[in-house]
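Student: Give me the fold of what follows.
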Amino acid sequence: MEKLIFMVFSVFVSHTRLLGDRSGSSAVLSWALPVFVVLGMLVQVVYFVGYGWKISWLGAVEILILGLLAGGFIGAELEKRLGYRTLSWIGFAVGPVCAYWLIKQISSL
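Tutor: Numbering: from 1, shown residues only. Reported below is the predicted structural model:
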């Protein structure tokens, strides 16, 4: 289950970053996107290290590879179907929920 959540989280973090590359000069986006992306990447690193430290480094590498693949392939397919703006805005809602679940999962081990 944690692998699936990490993959979903990776999709939304990577595609929210793309919104910043393609967005206009919105004042809210100019400060919210970098914060969201940096926090998302920090959660990914903490989860990766925590998973490797507490469970298995090989499993952590597997999760990292799955996250990269999901962010690329599944994210690209969702972007085609939903559009990058919709996918990115969904990421603002789903990303923190996934991050909370991932951190809770690691801290409970």
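
Student: quick one: Ser88 and Gly59, what's the gap?
Tutor: According to Cβ to Cβ, to the nearest Å, Ser88 stands 29 Å off from Gly59. In this view, the C-beta of every residue, glycine as well, is placed from N, C-alpha and C.

Student: okay, these two: which has more neighbours?
Tutor: A direct count of neighbours by other Cβ atoms under 10 Å for Ser88 and Gly59 places Ser88 higher, at 25 against 13.

Student: so which helix or strand takes in that one?
Tutor: Ser88 belongs to helix 84-107 when assigned by DSSP states H and E.

Student: which other helices and strands contact that helix?
Tutor: Counting contacts by 3 or more Cβ pairs under 8 Å, 6 or more residues apart in numbering; DSSP states H and E, helix 84-107 packs against helix 2-22, helix 27-54, helix 75-82.

Student: How about that helix, which residues are buried there?
Tutor: 84, 87-88, 90-91, 94-96, 98-99, 101-102, 105-106 (16 or more other Cβ atoms under 10 Å).

Student: Could you do stretch 42-49 as well?
Tutor: Neighbour counts over stretch 42-49 (16+ other Cβ under 10 Å) mark 43-44, 47-48 as buried.

Student: Ok, stretch 36-43 next?
Tutor: In terms of neighbour count (16+ other Cβ under 10 Å), stretch 36-43 has its buried residues at 36-37, 40, 43.
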